[in-house]
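1. Model the following, please.
(chains A and B)
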Protein chains: 2
Amino acid sequence: MNRIDWKHGKVEMVHGGGGRAMVELISQLFAKEFDNEFLNQGNDGAILAATNGRLVIATDSHVISPLFFPGGDIGSLSVHGTVNDVAMNGAKPLYLSASFILEEGFPLSDLKTIVQSMAAAARDAHVPIVTGDTKVVEKGKGDGVFITTTGIGEVYAGVSVSGNSVKPGDKILVSGSMGDHGVTILSQREHLGFSSQLQSDTQSLHDLVESMVNHFPQIRCLRDPTRGGLANTLNEIAKQSLVGITIEESQIPVKPQVAAACEFLGLDPLYVANEGKLIAICPAEYSNELLHLMKQHPKGAESAIVGEVTEDSHCFVQMVTKFGGRRMVDWLNGEQLPRIC
Amino acid sequence: MNRIDWKHGKVEMVHGGGGRAMVELISQLFAKEFDNEFLNQGNDGAILAATNGRLVIATDSHVISPLFFPGGDIGSLSVHGTVNDVAMNGAKPLYLSASFILEEGFPLSDLKTIVQSMAAAARDAHVPIVTGDTKVVEKGKGDGVFITTTGIGEVYAGVSVSGNSVKPGDKILVSGSMGDHGVTILSQREHLGFSSQLQSDTQSLHDLVESMVNHFPQIRCLRDPTRGGLANTLNEIAKQSLVGITIEESQIPVKPQVAAACEFLGLDPLYVANEGKLIAICPAEYSNELLHLMKQHPKGAESAIVGEVTEDSHCFVQMVTKFGGRRMVDWLNGEQLPRIC
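-> Down below sits the predicted model:
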């Protein structure tokens, strides 16, 4: 077994060939950093313990550019994104798989940094990466590294959340400020001067979700407003549940530096991606107690009730503006921010 | 909702943006073709029934080039590859996720063909595609389409197969001819004249596996010899189980046209990828009965006993040649065939 040159080495086609070089990369990087009893089985796939409850599966490919950004990198993001997608189904995330598409010539030192960041995010979330795959494509046929993660979880007993079960009168809560992730990425890409004041909110939310559904199994819907932001996610839910939604602009938390950056960039923070925030919809009678619980959690300290569900056969999402007027909050048209996750 | 122009349309960045265009692509293509009760839940992830047995998870990214080849395409391959990885853990595949990384400018007509091929492969295998994701990268940052599939399965009761449990004296069986897939792909890529006589063996093997493990739960190891071929897979198993392996060249099925193509291309069929064949290792006393059973299955008609496990602290894989000599069958060094799956 040869030692890999982490300082000067680059990804070569041979690292995806199924031969000795691939085995070395797997054992000296992935197996070492992700180290757990399941991955160590060393087969094509992992055998896991039996579960009791309903299962959840969620998957996401991550193609974010740049790969490294304030607050995280593609490695931590690829763990958080899928852990959150599992959690938003009212489930406890149990296992992750990770599949890498590497571009020939990508520095092995950067790959190591990314894998270590993934490993740390997985450890923090207590969700092991139990199996994986590595492919290599020729220079110019990829873009450094793409990571696809898939998560398996188990739905909490007595919990049933879905986009199609919200009802008129329900209250809409968010767990914190909107737009941090997307604005950070775009500012990095455009090399804007104020980017130093911005940071992605990328984080795992399953612990916040666990606390929420354990205390309030009546929650009807959980969703993380990633691509398309709050506006698009609310439109999806309205369409699924055949309801309308009204939100209050004055109640939606947006950090001053994010609002300033959005104004400068011509973006609307309602449409900008988040990677560490959730939307919860619950019956009005529990909403204040739920808000209180969320605010006590470190990942929900800035939570707010931002609107409510209405009867509306057109499934419109509307916003009461800070000036008291009303405007439509339409689906995202066009591509506001490509490769944001 | 706009109708997509399947004839002239191309993938645009907006198809990955989380907005209206992405919703249209998902509903008019993925949801329509993959149609099943789980995908139709319409959430970020799918809620599945509870299972009883031990779970299996397996994942693979598919980056094959060319995307279309005799016998299949990246769509069917991405289903077969992961269904097989789950099955090789002695498990019944239950669900698949599919995540797409599309390159801007890729023809939507080709994407539709690929997705229809995936859908057909999933239906044939009775394994629904229950959740997915779509990302788009700029032209020149990808290569048409990459597909990552992840499979979940349930281990058959009483079955325990693994690369680390084979024992000296065990017999080694293969389910058919070696090298068909890899040689087909390379011949296509090199535009070789004889490529019309070649066809990939890409197929799902879980039904063959089900029959095998139901009748012979004593099978110790199942593996599909994909990248790196038979040679590499046997080296992996020898290393995992700390044994040696001896195979008989005269017993290894290789189609005449594959042997001829290998000779022309300077390839050794032992190192060439298969996508519809498996290796089974079982105690000698059951091997003839297992062979008989495999030969009765349409996907195992050309099965053969090709060798046996030996005691060898060096974990060497050796081959008795057709001329009666012996040679080492080493790990694959270097990249014989890039982007073969």
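2. In which helix or strand does whichever residue of the stretch 51-200 of chain A sits closest to chain B reside?
-> The nearest approach of the stretch 51-200 of chain A to chain B comes at A:Ala58, 3.0 Å away (CB to the nearest CB). Yep, even glycine has a C-beta here, placed from its N, CA and C like the rest. A:Ala58 is part of strand A:55-62 when elements are defined by DSSP states H and E.
3. which residue ranges form the helices in the stretch 101-250 of chain A?
-> A:108-125, A:180-189, A:206-215, A:229-241 (DSSP state H, counting those that start in this stretch).
4. Contacts made by the first one with the rest, please.
-> Applying CB atoms under 8 Å, 6 or more residues apart in numbering or on different chains, the contact partners of helix A:108-125 are A:4-7, A:9-11, A:29-30, A:33-34, A:67-68, A:72-76, A:78-80, A:83, A:93, A:96, A:98, A:102, A:128-129, A:144-145, A:147, A:204, A:206.
5. Look up which residues are beta-bridged to A:Pro93.
-> A:Gly153 (DSSP bridges).
6. hang on, it packs against A:Val127?
-> Yes: the pair A:Pro93 / A:Val127 is scored as a contact, 4.8 Å apart, by CB atoms under 8 Å.
7. what touches both of those two?
-> When contacts are counted by CB under 8 Å, 6+ apart, A:Pro93 and A:Val127 have A:Val83, A:Gly151, A:His206 as shared neighbours.
8. Next, format those as JSON lines and append distance to chain B.
-> Output for the shared contacts of A:Pro93 and A:Val127, formatted as JSON lines (distance: CB to the nearest CB, whole Å):
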{"residue": "A:Val83", "distance to chain B": "11"}
{"residue": "A:Gly151", "distance to chain B": "8"}
{"residue": "A:His206", "distance to chain B": "12"}
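9. Quick one: these as TSV, columns for distance to A:Phe216 and pLDDT too.
-> Output for these, formatted as TSV (distance: CB to CB, whole Å; pLDDT from 0 to 100):
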residue	distance to A:Phe216	pLDDT
A:Val83	21	98
A:Gly151	23	98
A:His206	16	97
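10. Please report which of those residues has the highest neighbour count.
-> Of the shared contacts of A:Pro93 and A:Val127, A:Gly151 is surrounded by the most neighbours, 32 neighbours in total, counting by other CB atoms under 10 Å in any protein chain shown.
11. How about the contacts made by that residue?
-> Contact analysis of A:Gly151 by CB under 8 Å, 6+ apart lists A:56-59, A:82-83, A:85-86, A:93-96, A:127, B:45.
12. per-domain residue ranges of chain A.
-> As given by automatic domain parsing, the domain ranges for chain A are A:13-155, A:171-328.
13. What is the end-to-end distance of the longest one?
-> Looking back up the chat, that one is domain A:171-328. Between the opening and closing residues of domain A:171-328 there is a gap of 19 Å (CA to CA, to the nearest Å).
14. picking up where we left off before, when A:Pro93 and A:Val127 are compared, which one has more neighbours?
-> Ranked by neighbour count (other CB under 10 Å), A:Pro93 and A:Val127 place A:Pro93 first, with 27 against 24.
15. now the stretch 151-300 of chain A, which segments are flagged as low pLDDT?
-> Low-confidence segments of the stretch 151-300 of chain A, defined by pLDDT under 70: A:194-195.
16. quick one, phi/psi of the closest residue to chain B within it?
-> Going by CB to the nearest CB, chain B is nearest to A:Arg227 of the stretch 151-300 of chain A, at 2.7 Å. Torsion angles at A:Arg227 (phi, psi; degrees, to the nearest 10) stand at phi -50, psi 130.
17. quick one: contacts for it?
-> Taking CB under 8 Å, 6+ apart, we find A:Arg227 in contact with A:Ala273, A:Ile340, A:Cys341, B:Gly16, B:Gly17, B:Gly18, B:Gly19, B:Met22.
18. residue contacts, the nearest residue to A:Gly71 once chain neighbours are set aside?
-> In this structure, A:Gly71 finds its nearest non-sequential neighbour in A:Ser200, 3.5 Å apart by CB to CB, 6 or more residues apart in numbering or on different chains. Applying CB under 8 Å, 6+ apart, one finds that A:Ser200 lies in contact with A:Phe69, A:Pro70, A:Gly71, A:Gly72, A:Leu77, A:Asp180, A:His181, A:Thr184, A:Ile185, A:Glu275, A:Gly276.
19. again, but for A:Asp73
-> A:Leu67, A:Thr113, A:Ile114, A:Ser117 are the contacts of A:Asp73 under CB under 8 Å, 6+ apart.
20. what about the nearest residue to A:Gly16 once chain neighbours are set aside, neighbour count?
-> In this structure, A:Gly16 finds its nearest non-sequential neighbour in A:Val136, 3.1 Å apart by CB to CB, 6+ apart. A:Val136: 27 surrounding residues under other CB under 10 Å.
21. next one: A:Val309
-> Look at A:Val309: counted by other CB under 10 Å, it has 25 neighbours.
22. Show me the beta-bridge partners of it.
-> Note on A:Val309: beta-bridge partners A:Ile245, judged by DSSP bridges.
23. again with A:Val137
-> Taking DSSP bridges as the rule, A:Val137 bridges to A:Glu103.
24. my read: it touches A:Gly105, true?
-> No: counting by CB under 8 Å, A:Val137 stays clear of A:Gly105, with 10.5 Å between them.
25. count of residues packed around A:Gly53?
-> Residues lying near A:Gly53 (other CB under 10 Å) number 17.
26. Next: the one 10 residues further on.
-> In terms of burial, A:Val63 registers 29 neighbours under the definition other CB under 10 Å.
27. repeat for A:Gly244
-> 18.
28. Give me the nearest residue to it, chain neighbours excluded.
-> A:Asp312 (2.5 Å).
29. Need the three-state assignment for the one you found.
-> Under DSSP: H, G, I helix; E, B strand; the rest coil, A:Asp312 falls in the coil class.
30. all strands for chain A, in order.
-> Applying DSSP state E to chain A gives strands spanning A:46-48, A:55-62, A:68-69, A:72-73, A:91-103, A:129-137, A:145-155, A:171-174, A:221-223, A:244-248, A:279-282, A:304-310, A:317-320, A:326-328.
31. how far out from the middle of the chain is stretch A:177-187?
-> What separates the centre of stretch A:177-187 from the centre of its chain is 13 Å, taken as CA atoms, centre = their mean, to the nearest Å.
32. A:Ile247 and A:Val306 touch, don't they?
-> Yes: in this structure, A:Ile247 is within contact of A:Val306 by CB under 8 Å, at 5.1 Å.
33. which residues are in contact with both of the two?
-> Residues touching both A:Ile247 and A:Val306 by CB under 8 Å, 6+ apart: A:Ile172.
34. More neighbours: which of A:Val137 and A:Gly105?
-> Neighbour count, other CB under 10 Å: between A:Val137 and A:Gly105, A:Val137 has more, with 24 against 15.
35. Next up, the contacts around the more buried one.
-> By CB under 8 Å, 6+ apart, the residues touching A:Val137 are A:Gly16, A:Ile101, A:Leu102, A:Glu103, A:Glu104, B:Val63, B:Asp143, B:Phe146, B:Arg339.
36. Quick check, pLDDT for it.
-> The model reports A:Val137 with a pLDDT of 97.
37. What residues does the stretch 101-250 of chain A have near chain B?
-> For the stretch 101-250 of chain A, the residues in contact with chain B (CB under 8 Å from any CB of the partner chain) are A:101, A:130-133, A:135-138, A:140-143, A:146, A:148, A:150-152, A:155, A:162-164, A:223-224, A:226-229, A:232, A:236, A:240.
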